[in-house]
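Chemist: quick one: sequence plus predicted model below, questions after.
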Amino acid sequence: MVNLNIDLGAGLKLQNPVMTASGTFGYGREFESLTDLDRLGAIIVKGTTLEPRQGNPYPRMAETPSGMLNAVGLQNKGVDYFIEKIYPEIRHYKSNIIVNVSGAKVSDYVETARRLASLDGIPAIEVNISCPNVKSGGMAFGTTCAGSSEVTEAVRKVWPRHLMVKLSPNVTDITEIARAVEGSGADSVSLVNTFLGMAVDVERQRPFLSTVTGGLSGPCIRPIAIRMVWQVAKAVKIPVVGLGGIMNGRDAMEFILAGASAVQIGTANFVHPDATIRTVEWIEDYCRRHNITDFSTIVGALNR
Amino acid sequence: MVNLNIDLGAGLKLQNPVMTASGTFGYGREFESLTDLDRLGAIIVKGTTLEPRQGNPYPRMAETPSGMLNAVGLQNKGVDYFIEKIYPEIRHYKSNIIVNVSGAKVSDYVETARRLASLDGIPAIEVNISCPNVKSGGMAFGTTCAGSSEVTEAVRKVWPRHLMVKLSPNVTDITEIARAVEGSGADSVSLVNTFLGMAVDVERQRPFLSTVTGGLSGPCIRPIAIRMVWQVAKAVKIPVVGLGGIMNGRDAMEFILAGASAVQIGTANFVHPDATIRTVEWIEDYCRRHNITDFSTIVGALNR
Amino acid sequence: MNKPLLIEFEVTCVDRSGATARLTLEPVGGVTMPMPAPGQFVNILVEHAHNTFLRRPISVNFAEPGSLMLMVKEAGEGTAVLVNSLPGDRYNILMPLGHGFTLPEKPEKCLLIGGGVGVAPLLYLGECLRQRGVEPVFVLGARNRKELDWQLPDFEKIGKTFVATEDGSLGTKGFVTQCPALDLEADRWYVCGPMPMMKAVAAAARKRNVECEVSLENKMACGLGACLCCVEDTADSGNVCTCTEGPVFNLNRLKW
Amino acid sequence: MNKPLLIEFEVTCVDRSGATARLTLEPVGGVTMPMPAPGQFVNILVEHAHNTFLRRPISVNFAEPGSLMLMVKEAGEGTAVLVNSLPGDRYNILMPLGHGFTLPEKPEKCLLIGGGVGVAPLLYLGECLRQRGVEPVFVLGARNRKELDWQLPDFEKIGKTFVATEDGSLGTKGFVTQCPALDLEADRWYVCGPMPMMKAVAAAARKRNVECEVSLENKMACGLGACLCCVEDTADSGNVCTCTEGPVFNLNRLKW
């Protein structure tokens, strides 16, 4: 028997280390017929903002080598709609429900977190200071220590349970940001969000995205994401949640060995809608093959 | 007839915009039977240092989704060997020969550049402040404005011809570095060098590279590289040379439309050793199809 | 509506004409295929293409219990692999997806107007209409005879079929909008084809004040309404997912 | 030595046994194939593998004018596509590459010692030796009979062949180092196989003070000496490219 449980602290206990990445799994319901929504470590739902957002104009997507660019721009119906209409429909899942929170100003993050705090079935929020597809807020916070700290500290004051902060990889030294966020009260960090990228339709001589630039995700970025997780895991004491191009259990184990206590499956959900549950099963089998009875012992177990 | 000539200033005139990226094309000779060494914009030879370097231990390479990691670590026989043994054998190529210069300290860069200045067949050097695979120097200079400026200014004093500076993408704001380098006397900037990445052999629970981390290159990074070229081209007045995952002419045109006056073909040489010449031919055909008689008019011609 | 499932299919038959192929596929291992509604699509994984990352959305050309037909036109590396499929090749398919055409409650006069590879979903729609007692009339556009004639017998089996080709090599010369068949009395138009053709047909529908549904081809990733990439800006709800609220939209919802 | 060229090849024959296949390939369009030297390799582009980016280096199993044979063992996605090749499939091949085995100036007693898929280049080496008047003796190791027996007739045609299998199902039970044939009088050993096997054989060669060449399989990218990824740390020159100074090295150069 393999014990896949992992405790990320501050009340966030996962039945296994596999979560869904925000914005790639809707509210879970979209995948009900394709994967087992009761058997995941956590479902991190779509980025939620204080007010409803229409997002960016179409086209919002371009396929790239081993990945894709998106420029969705946080389209969502706002936190009140989530609380009233969506949460009651998904709260019964046996997986943890985590809400990803975004905002244009610090006060947006705070008010959104404050309203979510009323939902006792939400053990954690993930504060997104790294969305590259919005004009204000988002990545602007996540690329400086001061901005990252400011958001984290403010949200920390109103959010009583586990506080995860999602970091941007578009920085010179991600360990600096991670330490700043840790010092401001985060209970864990998740990394990485997407890389700012761009693709050009050369025959039409124009960008593929309506916004010119967008967020790059998929296996193409995985080697960079693993490196950042490895660096951050050595730099902070709080748990690190790894993501960036994980397509399967093998990829997930790269992050885990590099120091991630848990992982998020993102873009893979678009290609293999059953990627999450298959990753859980692969990790369980891996542990069995390697005689690991307690998953937590393999976190950061990379040999040098 | 399409005129593919492009003048990068300070005496660096290219017969076409296609160069080879340093470290991916040896000294050209390795590809003599596979591509036409007289028909390239420039051959940028292997990173050259003041003293000979053995580079990093094997293993130095890992294949990744749409790319590869390398940790060569600037293995080369030093500038004097280049001047005495290699240069006489390659100077006859009708393509420009550009030497990529690296160093651990500023004085290494300066002395290497000074020695190369004696070779009148070298119209340009490319100063590499962005190698991620050496313990000192390299990327350490390229990730701060001060470090980038320091190297550029020092080399500028001893190098009389075209000075190209190769930028690291491992930064929060590459336009800052590009402007610093421009202000310190660079005649052009080339971007991007490799991204710092990592890959893990999960069955053996150890990194694939002897150095743990290495430089990620290949089409996987192309969307990020194009975005950076687009940003830098708007931020500086000197020409921008684009590279990062260009596999063919179409890919090259993405960079050119985004603002690159010329491009470098790197990792593609490992997969398609004739990629350079095929890219030249594709661009020529593209210009013909789009009724462009003068290549330089299409640089940065992206519609919004 | 049937929930989407991941099903392994095997190619049993390939009909090819130029860069277009019609694949007949059957689920592997006795799995029951959920029947798609007309206008729905599938999202197919193409594993043996070098530079293809996402699935390829393809509309349902025809379906019978245990058998699925997809019409694929080569447009890139992924579709090239599909077009060059051989019997015995296997594909992992996510299906059925999306919101299809609205079938009339009672028999109505329906015109099914398609262009290029956009004629594909109209075949299955026609058959479903016929089974409900509607006599579908097809108006199909193509660049030339070669593009269309190999598919015509299938349409003609189901309903009266008018053709327009750009070069005049078959039927009326010109676009479908120039085809006199558009003047036939109709309660409802169903449209699928390239964007300029659909916009032209939509304009004609507006002029005639006929109920009109169009099938969009917005670029998409997941096909499940999760990635929010394929949005269409609607008059009533702003950006909505083409993959779940569409691909078929009533013209009145669109800001065309 | 022949300079490397990019040549389009077509598969004309596939012999398979388990996860290993021997492909026979011929250049397309009457192109003349440069003859490889024994121990040289080719770098083959596998375009229809989803997650394969670089070419796959494969040693030459056999070559005749206009015909190349490669022995490929499935080890990942790229080699899986190669192993599953069908006659008619085409591959872009960069060849010939590297520095092969040293052929003796005058007839000598040569032992050709291989293990696993490492036996492949020894077949071509044996044939080249035979043509120079050497009577090659093969000592081949495998896990079991099934791995080796289908290839044995080809070796036996060229020279006396001894076999060791780990499970004893063919020849001596155990590793090649336990095969009595290693005690045969020899001026020169040629070795190719998995690293532990080569190191064991190299130790035996040192003890016997016999001239010994080994063929390395360092991970490589370009195959042309440009990327400097595949280096071996040599006693005389430090890091050198396995792809150009090797893959075959005299044991004396290695720091084993």
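Modeler: Looks like it came in fine.
Chemist: distance check, C:Leu216 against chain A.
Modeler: From C:Leu216 over to chain A the distance is 10 Å, taken as CB to the nearest CB, to the nearest Å. Using the backbone N, CA and C atoms, a C-beta is placed for each residue, glycine as well.
Chemist: I'd say C:Gly29 and C:Ile7 touch.
Modeler: No: using CB atoms under 8 Å as the test, C:Gly29 is too far from C:Ile7 to be in contact (9.6 Å).
Chemist: how close does the residue lying closest to A:Ile292 once chain neighbours are set aside sit to A:Pro169?
Modeler: Distances taken as CB to CB, 6 or more residues apart in numbering or on different chains place A:Ile298 nearest to A:Ile292, at 5.2 Å, with adjacent residues excluded. Using CB to CB, to the nearest Å, A:Ile298 is found at 24 Å from A:Pro169.
Chemist: by mean pLDDT, flag the weakest helix or strand of chain A.
Modeler: helix A:139-142 (a mean of 87; mean pLDDT, DSSP states H and E).
Chemist: how about that one, does it reach chain B?
Modeler: No: Helix A:139-142 is not in contact with chain B by CB under 8 Å from any CB of the partner chain; minimum separation 10.0 Å.
Chemist: mind giving me the packing neighbours of that helix?
Modeler: helix A:145-158 (3 or more CB pairs under 8 Å, 6 or more residues apart in numbering or on different chains; DSSP states H and E).
Chemist: now do the helix it packs on, average pLDDT.
Modeler: In this model, helix A:145-158 carries a mean pLDDT of 97.
Chemist: who are the packing partners of that helix?
Modeler: If you count contacts as 3+ CB pairs under 8 Å, 6+ apart, helix A:145-158 packs onto helix A:106-116, strand A:124-128, helix A:139-142, strand A:162-166, helix A:174-183.
Chemist: which of those comes out lowest on mean pLDDT?
Modeler: Mean pLDDT values for the helices and strands packed on helix A:145-158 show the minimum at helix A:139-142, a mean of 87.
Chemist: of C:Gly29 and C:Ile7, who's got more company?
Modeler: C:Ile7 (20 against 7; other CB atoms under 10 Å in any protein chain shown).
Chemist: do the one helix or strand the more buried one maps to and chain D come into contact?
Modeler: C:Ile7 belongs to strand C:5-17 when assigned by DSSP states H and E. No: Strand C:5-17 lies out of reach of chain D by CB under 8 Å from any CB, never closer than 15.6 Å.
Chemist: buried set for that strand?
Modeler: C:5-7, C:9, C:11, C:14 (16 or more other CB atoms under 10 Å in any protein chain shown).
Chemist: same question for that strand, mean pLDDT?
Modeler: 97.
Chemist: that strand: how far from the chain's middle?
Modeler: Strand C:5-17 sits 16 Å away from the centroid of its parent chain (CA atoms, centre = their mean, to the nearest Å).
Chemist: repeat that for stretch A:43-53.
Modeler: 13 Å.
Chemist: list the buried residues of that stretch.
Modeler: A:43-50, A:53.
Chemist: sorry, back to before: got TSV for the helices and strands packed on helix A:145-158, with distance to B:Ile125 too?
Modeler: Listed next are the helices and strands packed on helix A:145-158 as TSV, based on distance: least, CB to CB, whole Å:
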stretch	distance to B:Ile125
helix A:106-116	47
strand A:124-128	43
helix A:139-142	35
strand A:162-166	42
helix A:174-183	32
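Chemist: out of those, nearest to B:Val127?
Modeler: helix A:174-183 (26.3 Å; CB to CB).
Chemist: pull the CA atoms of the closest one into PDB?
Modeler: What follows is helix A:174-183, C-alpha atoms only, in PDB (Å, rounded to 0.1, in the frame of the first residue of the first chain):
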ATOM      1  CA  ILE A 174      12.400  33.600  -8.900                       C
ATOM      2  CA  THR A 175      13.900  32.600  -5.500                       C
ATOM      3  CA  GLU A 176      13.800  36.300  -4.500                       C
ATOM      4  CA  ILE A 177      10.100  36.500  -5.200                       C
ATOM      5  CA  ALA A 178       9.400  33.200  -3.500                       C
ATOM      6  CA  ARG A 179      11.200  34.400  -0.400                       C
ATOM      7  CA  ALA A 180       9.400  37.700  -0.400                       C
ATOM      8  CA  VAL A 181       6.000  35.900  -0.600                       C
ATOM      9  CA  GLU A 182       7.100  33.400   2.100                       C
ATOM     10  CA  GLY A 183       8.000  36.400   4.300                       C
END
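Chemist: and the next element down the chain from that helix?
Modeler: strand A:188-191.
Chemist: neighbouring contacts of that next one?
Modeler: Outside strand A:188-191, the residues that touch it by CB atoms under 8 Å, 6 or more residues apart in numbering or on different chains are A:8-9, A:12, A:126, A:162-167, A:169, A:174, A:178, A:181-182, A:225, A:228-229, A:232, A:236, A:238-244, A:261, A:264.
Chemist: need the pLDDT of C:Met1.
Modeler: Listed pLDDT for C:Met1 reads 69.
Chemist: how about the residues of chain C by chain D?
Modeler: C:47-50, C:52, C:81.
Chemist: save the residues you listed as CSV, and put in neighbour count and pLDDT too.
Modeler: Listed next are the residues of chain C next to chain D as CSV, based on neighbours: other CB atoms under 10 Å in any protein chain shown; pLDDT from 0 to 100:
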residue, neighbour count, pLDDT
C:Glu47, 15, 87
C:His48, 18, 80
C:Ala49, 20, 80
C:His50, 18, 79
C:Thr52, 22, 91
C:Val81, 21, 94
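Chemist: all helices for the stretch 151-256 of chain C, in order.
Modeler: Assigned by DSSP state H, counting those that start in this stretch, the stretch 151-256 of chain C shows helices spanning C:152-158, C:195-208.
Chemist: farthest residue from the center of chain C?
Modeler: C:Gly29 (27.2 Å; CA atoms, centre = their mean).
Chemist: what sits against the closest residue to that one other than its chain neighbours?
Modeler: Leaving aside its sequence neighbours, C:Gly29 sits nearest to C:Glu8 (CB to CB, 6+ apart; 7.1 Å). Counting by CB under 8 Å, 6+ apart, C:Glu8 touches C:27-29, C:31, C:90-93.
Chemist: can I have the buried ones of those as a ChimeraX selection?
Modeler: One line in ChimeraX is enough to select the buried ones among the contacts of C:Glu8; burial here means 16+ other CB under 10 Å:
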select /C:27,91,92,93
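Chemist: which ones among the contacts of C:Glu8 lie within strands?
Modeler: Among these, the ones falling in strands (DSSP state E) are C:27, C:90-93.
Chemist: would JSON lines of those with distance to chain A be doable?
Modeler: Below are the ones in strands among the contacts of C:Glu8 laid out as JSON lines (distance: CB to the nearest CB, whole Å):
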{"residue": "C:Pro27", "distance to chain A": "16"}
{"residue": "C:Arg90", "distance to chain A": "15"}
{"residue": "C:Tyr91", "distance to chain A": "13"}
{"residue": "C:Asn92", "distance to chain A": "8"}
{"residue": "C:Ile93", "distance to chain A": "12"}
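Chemist: can you redo those residues as CSV with distance to B:Ile86 and pLDDT?
Modeler: Listed next are the ones in strands among the contacts of C:Glu8 as CSV, based on distance: CB to CB, whole Å; pLDDT from 0 to 100:
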residue, distance to B:Ile86, pLDDT
C:Pro27, 62, 98
C:Arg90, 52, 96
C:Tyr91, 52, 97
C:Asn92, 52, 98
C:Ile93, 56, 98
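Chemist: phi, psi of the closest residue to A:Asp274 other than its chain neighbours?
Modeler: Residue nearest to A:Asp274 in three dimensions, not counting chain neighbours: A:Thr35, with 4.8 Å by CB to CB, 6+ apart. For A:Thr35, the backbone dihedrals (degrees, to the nearest 10) come out as phi -150, psi 170.
Chemist: who are the contact partners of A:Thr35?
Modeler: Applying CB under 8 Å, 6+ apart, the residues near A:Thr35 are A:273-277.
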